[in-house]
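> Fold the following and give me the result.
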Amino acid sequence: EDVAAPPVPLAERRVQAVRDALYAEHAATVIDLGCGSGRLLSRLLQDSSLEFVAGADVSARAIEAAQRRLSPNLLPRAQADRLNLFTAALTYADQRFHGYDAAVLMEVIEHVDPPRLPAVERVVFGDAAPRVVVVTTPNAEYNVRYESLTGFRHPDHRFEWTRAEFGAWTARVAEAYGYRVRHVPVGDDGPSVGAPTQMGVFVK
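Residues are numbered from 1 along each chain as shown. Okay, the predicted model is just below:
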């Protein structure tokens, strides 16, 4: 008998969507801003088309977790030589953010207090100014599909945007910093509520 393949978890579909966007834009060097424990980094390092990959997070504990996951002692030499991890805050300009083809903020902006979001915009789009920026964030409209959910999807989320709210933000940022932006739904796209994750791909 044919057995249906198990559904691909949303977290995995999100990683693949980010990788697809980076590949489509021919990014050779990538920095993962708000890298957490290194889930995306571990996948990016498997892509031989990427010449260099960096990860930054405000949490020293997260960077330690990423180092354990991506320990240079465990990685093949060819991958270890292409990796840099460091602690940094996205609200402050940092020279270490400079010089990358692409920056990724995967499930990051919703953890930023709204009054501090303009500082992140200035640092990422204005100061670091990579050619490509990929941003993913939850789609608040999809939350009705989670029967037991009350409030936000994660206790540390400061906000969750509808598709219209995310679209307004991406349009404003793109206009302010000289990018064009396209939107990509990630996950099963419901006709009335959209997909669980929304992604904006900014290109200079």
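> Please export the C-alpha coordinates of stretch 97-117 as PDB.
What follows is the C-alpha trace of stretch 97-117 in PDB, where atoms were taken according to Å, rounded to 0.1, in the frame of the first residue of the first chain:
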ATOM      1  CA  PHE A  97      27.400  43.100  10.100                       C
ATOM      2  CA  HIS A  98      29.000  44.600   7.000                       C
ATOM      3  CA  GLY A  99      30.200  43.000   3.800                       C
ATOM      4  CA  TYR A 100      27.700  40.200   3.300                       C
ATOM      5  CA  ASP A 101      25.600  39.700   0.100                       C
ATOM      6  CA  ALA A 102      22.600  38.800   2.200                       C
ATOM      7  CA  ALA A 103      21.200  39.100   5.800                       C
ATOM      8  CA  VAL A 104      18.500  36.900   7.200                       C
ATOM      9  CA  LEU A 105      16.100  37.800  10.100                       C
ATOM     10  CA  MET A 106      14.200  34.500  10.500                       C
ATOM     11  CA  GLU A 107      11.500  34.800  13.200                       C
ATOM     12  CA  VAL A 108      13.300  37.700  14.800                       C
ATOM     13  CA  ILE A 109      11.500  41.000  14.300                       C
ATOM     14  CA  GLU A 110       8.500  39.900  16.400                       C
ATOM     15  CA  HIS A 111      10.800  39.600  19.400                       C
ATOM     16  CA  VAL A 112      11.700  43.300  19.100                       C
ATOM     17  CA  ASP A 113       9.800  45.900  21.100                       C
ATOM     18  CA  PRO A 114       8.000  48.100  18.500                       C
ATOM     19  CA  PRO A 115       9.700  51.300  19.700                       C
ATOM     20  CA  ARG A 116      13.100  49.700  19.000                       C
ATOM     21  CA  LEU A 117      12.200  48.300  15.600                       C
END
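> Could I get the buried residue list for that stretch?
Of the residues in stretch 97-117, those buried under the neighbour-count criterion (16 or more other Cβ atoms under 10 Å) are 97, 100-112, 117. Every residue, glycine included, has its C-beta placed from N, CA and C.
> Quick check: next helix or strand after the helix or strand of the chain with the lowest mean pLDDT?
Taking all helices and strands of the chain together, the one with the lowest average confidence (mean pLDDT, DSSP states H and E) is helix 77-80, at a mean of 66. Next in sequence after helix 77-80, counting helices and strands by DSSP states H and E, comes strand 83-87.
> avg pLDDT for that following strand?
Model confidence over strand 83-87, given as mean pLDDT, is 94.
> That one: how far from the chain's middle?
Put simply, strand 83-87 sits 16 Å off its chain's centre (Cα atoms, centre = their mean, to the nearest Å).
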